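Q: return atomic coordinates for the entry below.
(chains A and B)
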Number of protein chains: 2
Amino acid sequence: MSSVVPSTVATPAALRELLELADSGQLERLPDLVGDMHPSDIADLLASVPDEERQLLILKALPTDVGSETLAEMEEDEDRADLLTALSARRGAAMLHELADDDAADLLGELRPGDRDRMLAALPSREAGEIRELLQYAEETAGGLMTTSLVSVSALATAAEAIAAIREQGREVEQLYTVFVVDDRGRLRGTVALDRLILAEPEDKVGSLVVPALATVGPETDQEEVGRVMRRYDLVSLPVVDDRGVLLGRITVDDAIDAIEAETTEDILRLAGVSEEEELKAEWLESVRSRLPWLALNLVTAGLAASVILSFEELIREVTFLAFLMPVIAALGGNTGTQALAVTIRRIAVGDDVGRGHFQVVRKEVLVGLLNGLVLGVGFAAFAYLREGDPRIGMVVLLAMWINIVVAGFAGALIPTILQRVGVDPAVASSVFAHTLTDLVGFVLVLSLAAGLLL
Amino acid sequence: MSSVVPSTVATPAALRELLELADSGQLERLPDLVGDMHPSDIADLLASVPDEERQLLILKALPTDVGSETLAEMEEDEDRADLLTALSARRGAAMLHELADDDAADLLGELRPGDRDRMLAALPSREAGEIRELLQYAEETAGGLMTTSLVSVSALATAAEAIAAIREQGREVEQLYTVFVVDDRGRLRGTVALDRLILAEPEDKVGSLVVPALATVGPETDQEEVGRVMRRYDLVSLPVVDDRGVLLGRITVDDAIDAIEAETTEDILRLAGVSEEEELKAEWLESVRSRLPWLALNLVTAGLAASVILSFEELIREVTFLAFLMPVIAALGGNTGTQALAVTIRRIAVGDDVGRGHFQVVRKEVLVGLLNGLVLGVGFAAFAYLREGDPRIGMVVLLAMWINIVVAGFAGALIPTILQRVGVDPAVASSVFAHTLTDLVGFVLVLSLAAGLLL
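A: From the prediction side, this is the model:
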C-alpha cells in the first residue's frame, strides 16, 4: 500500500495500548496516545473496544472537543447513541455544543425522545432551537444532511465587505468554500467561491462576482438525489432552499459522499436479499432478523416454481436425465437474470440517460439473451445428445436453455424498470421476481418439451 | 422530485430541438439553445444524439471552451475519443488547451497512440510536457486522477504573500480550496484552507496557519484507496507526493467521487458476473462479450455440480420427489451464499474495521446460517412430511437444507475474505465458487441422505 498517512493511525497495536491504559487506570495518559490522531481513527479504535463500560471510560477521558468529534465520526451501528445517553446531560450537552449543528442533530436523532429532550434542555436555548429545526427533517433527506452554519452576504456588498462577513460569521463554520449571496428576503441569488473573492479587487461588488447556483435542492429531496446532483455538477457545497427560494442551509460534499456510500450499500445488500436494516456490523441475531424473511419468501417462491415438477413425476421416472437438466437450465437462467438486473439497477442508480427510452434497455437484454442463449443452448444440447444418444433430448435442451435465457434477460431488465416507474426501489424486490420466473420457466420448458418430444 | 435545477437541463425536448437545429443546418443558433446549460447536461445531450456525424457537427458548433468541457464530462464509453480523433490537430489541441491537465490527460489517454501524438504536437510544448507526465500513470491510480494545477507557498511566507501567490498562480486553477505549503525542496509541509487564510492577519506567517496534511497518497495508490482516504478524512483535496515527500499534484473531491462510483459499479457488476469491461451503456454485442465467458463458466460448474445427480438415477426413479427437492434446497443455499457474499464484499470495500479479526465475520455467518437453516429446514421438512407421509423424507429435507445453508454462509464469508487476503478482487470470482459449492453440497446431501435413510 503506497498510501502514507502521517497522523498516527488506528492499528491493532494502538487498540492494545488503549485497552492497557483503560485497564490499568492510567487514562489520564490517553491524550498522549491519541494526540495527533484524526477523530475518524479514534472513532474506529473506540468502536473496536469490546465492552461499553470501557468505551465510556475512554470517551470521558478524551478532551471534550476530541470526544465529540469522535462520537460524530462513529457509525450509527457502533452504539454511539448508548455512549451519549450514558453521559450526564451537562457533559453530553458540552459535547454537542462542540459539534456542527448537523452532526449534533444526527447524534440526537438516534437517542430516545426522553434522553434527547434532556440533552437539548442543557444546551443554550438558541442552539437547541436550531438543532430542533434540523431534527424535523427525515434523516435521509437534504434537510437531514444540511447544516445551517454558512456565510451569506448581500449582492450589494463589496468583496471587502464579504471578507469582513467571513471574519464575522465564518469563524465557527467548517468546510467553508463558498459564500452564499442572498437578496433582502433571504432568497438565494448565487454563490461566490472563496478563491474568486480573494482574486477580486476589494471594491468589486459581490453582484459582479456571483455565479448562479448550478443546482439547489429542497429540504425534502432524497439523499440519493443529493448525491447525484453534487456528483453531476462537481459541487463541494449544495444550497438547500425552501419553495420560495429562501436559503435554509447547505450540504457539504463529505456528507454527500457518505450518503452515496450508504445508498450504494443499501442497493447492493437489497439486491442480494439483505434488508436495508442490516448494517454491515450488525450482531448475528440482527442479521437473522434482516435475512430470514427474505429467505422464507424465497423458499415459498422456489417451492412454488419447483412444484410444477410434482405434476411430471411419471415423466421423470421415465427420463431421469431430466432431474439433471432442470437445475442446470434454471441456474443459467438465474445467472442471466442477475446480470441483467445488476446492469439495469446500477444504470438507474447512476442515472444520467437522456432521451434514451428506458425500454431500449429491455430490447438490448433480449438481443444479448438471444445470442448468449443460442451459444450456451447449442453447447449444452451437444453434451446432452452425446450422453443420451437421442437427438430429441438435444432439442429439448437447446430450446429450454435458449428460451429461458431470453426470458431471463427480458425480465431482468423489465422488472426493475417497471418498479422504478411505479416508484418502488428497484433493488428491493427485483431479484425474487426474476429468479422465481426463471426457475419456473426453466422447469416448465424442460418438462413440457420433454413430454411433447419424448413421449 | 423537489430538486430545483435552475440552469436549463437536458431533456428529451431539448434533444429534439438540438437534432432539429443540426438537421436544418441552423447550428449557428446552438449557443442560444445550450446557453446556460452546464457542460454535464450538454454532454448528456450530445451522447444521446444517435449518430457520430451529427455529434461531430454539434461539437464543432459549440464555442471551444464549452465544447472542451462537454467532452471532459462525457463518459469514456460515449465515444468521446472518436469525436476528438475526428477533429483536426489544431482544433483538438485548442480544446485540450482549455481543459485542466488531468481532464486533458484523461481524454488523450483514450486516443490511439498516433492520434495522441498528433494532438500533443499541436499543443504548446510545456503544456504537452505536463500532460505527458500525467499520461505515464495508470488511469485508476492517484497519479491518473491528480492535477498538477495547484497553488503552493513557502512556510516562511506571510498570509498576504500567500494571497498574492493565489493571484499569481491561482487564476487558472479550478476547485481551489487549499493552499499547499512546501519547504525549499518542494516537500509538503501541510495545507492552509482558504478560509483560514482570509481570517488571518496579513502579516501572519503561513507557518503559523499550516495544518499537517491529514493524509497523503503516492502516485501509484489505487483509486479505491484514494476514495476511501478522502471519505475517511472528509477531504476536498488530497495531496499526492513522491517517496521523498515532494508534492506532485492534488486530487480534487469531484474526481474522488467519480472514482468511488466507478469502483462500486465494478463491484456490483462483478458480483453479478458482468466483467468490469462492460460499461453501463455498452452496445449489445459488447455485453455478450462481457457476459458470455462467465455464463459459459457457470454452465460448466453448474453442470459438474449437477452431474452428481446422474449417479443416482436409480434412486430418483424410486423417489421422484427428490427431483423437486434438489433445486429448492440448492436455491436456498444459493440465496444464503449471496447474502453472505454481498455483506462481506461490501464490508471489505467500505473497510474500516480495526482489530476485529476477519474471521469473526465467518463465525458470524455460520451462526446466522445455523439459525436460518434450522427455521427453513423445519418448515420445508414439515411440508415434505405432510405431502409424502414419510417422516424419513422430512429428516432428509431438514438435514440437507440445514447443513447446506450453514455451508453457504460459511463459504459466502470465507471465500471473499481469502481472495482479499491473497490480493484478488473478492468481487470477481466469489459468486461462482460459492454457488457451485452450494449446488453441489445441496445435491449430494439430498441424494446421499435419501440413499441412506430411504433405501
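
Q: after the helix or strand containing A:Asp44, next one along is what?
A: Taking DSSP states H and E as the criterion, A:Asp44 maps to helix A:39-48. Per DSSP H and E, the first helix or strand lying C-terminal to helix A:39-48 is helix A:52-61.

Q: and that following helix, anywhere near chain B?
A: No. Helix A:52-61 lies apart from chain B when judged by CB under 8 Å from any CB of the partner chain; the minimum separation is 13.3 Å. Every residue, glycine included, has its C-beta placed from N, CA and C.

Q: give me the contacts around that helix.
A: Identification of contacts with helix A:52-61 by CB atoms under 8 Å, 6 or more residues apart in numbering or on different chains yields A:18-19, A:22-23, A:27-28, A:30, A:46, A:49, A:67, A:70-71, A:79, A:82-83, A:86-87, A:91.

Q: which SSE is immediately downstream of that helix?
A: helix A:64-73.

Q: with just CA atoms, put that following helix into CSV.
A: Provided in CSV are the C-alpha atoms of helix A:64-73 (Å, rounded to 0.1, in the frame of the first residue of the first chain):
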residue,chain,number,x,y,z
THR,A,64,-14.5,17.4,25.2
ASP,A,65,-13.8,18.6,21.6
VAL,A,66,-12.0,15.4,20.7
GLY,A,67,-14.6,13.3,22.3
SER,A,68,-17.4,15.0,20.5
GLU,A,69,-15.8,14.7,17.1
THR,A,70,-15.1,11.1,17.8
LEU,A,71,-18.8,10.4,18.5
ALA,A,72,-19.7,12.3,15.3
GLU,A,73,-17.3,10.0,13.3
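
Q: against which helices or strands is that helix packed?
A: Under the contact criterion of 3 or more CB pairs under 8 Å, 6 or more residues apart in numbering or on different chains; DSSP states H and E, helix A:64-73 touches helix A:39-48, helix A:52-61, helix A:80-85, helix A:89-98, helix A:101-109.

Q: mind running it again at 7 Å?
A: helix A:39-48, helix A:80-85, helix A:89-98, helix A:101-109 (3 or more CB pairs under 7 Å, 6 or more residues apart in numbering or on different chains; DSSP states H and E).

Q: and A:Leu247, how close does it get to chain B?
A: 12 Å (CB to the nearest CB, to the nearest Å).

Q: residue contacts, that residue?
A: A:152, A:180, A:182, A:186, A:188, A:239, A:241 (CB atoms under 7 Å, 6 or more residues apart in numbering or on different chains).

Q: recalculate using a threshold of 10 Å.
A: A:148, A:150, A:152, A:180-183, A:186-189, A:213, A:216, A:239-241 (CB atoms under 10 Å, 6 or more residues apart in numbering or on different chains).

Q: assumed it was part of a strand.
A: Yes. Under DSSP: H, G, I helix; E, B strand; the rest coil, A:Leu247 falls within a strand.

Q: A:Ala429 is in contact with A:Ile345, correct?
A: No. Taking contacts as CB atoms under 10 Å, A:Ile345 lies outside contact range of A:Ala429: 11.3 Å.

Q: settle it for me: which of those two has more neighbours?
A: A:Ile345 (28 against 17; other CB atoms under 10 Å in any protein chain shown).

Q: residues touching the more buried one, list them.
A: A:Ile345 touches A:267-268, A:270-271, A:412-413, A:415-417, A:419-420, A:425-427, A:430-431, B:268, B:272, counting by CB under 10 Å, 6+ apart.

Q: coming back round to it: between the contacts of A:Leu247, which sits nearest A:Met95?
A: A:Thr148 (19.2 Å; CB to CB).

Q: would you map the strands across the stretch 201-350 of chain A?
A: A:216-217, A:237-241, A:247-252 (DSSP state E, counting those that start in this stretch).

Q: dump the ones you listed to JSON lines, plus distance to A:Val361 and mean pLDDT.
A: Rendered in JSON lines, the data for those read as follows (distance: least, CB to CB, whole Å; pLDDT from 0 to 100):
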{"stretch": "strand A:216-217", "distance to A:Val361": "27", "mean pLDDT": "96"}
{"stretch": "strand A:237-241", "distance to A:Val361": "29", "mean pLDDT": "96"}
{"stretch": "strand A:247-252", "distance to A:Val361": "31", "mean pLDDT": "96"}
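
Q: if anything else comes up later, I'll come back, but that's it for now.
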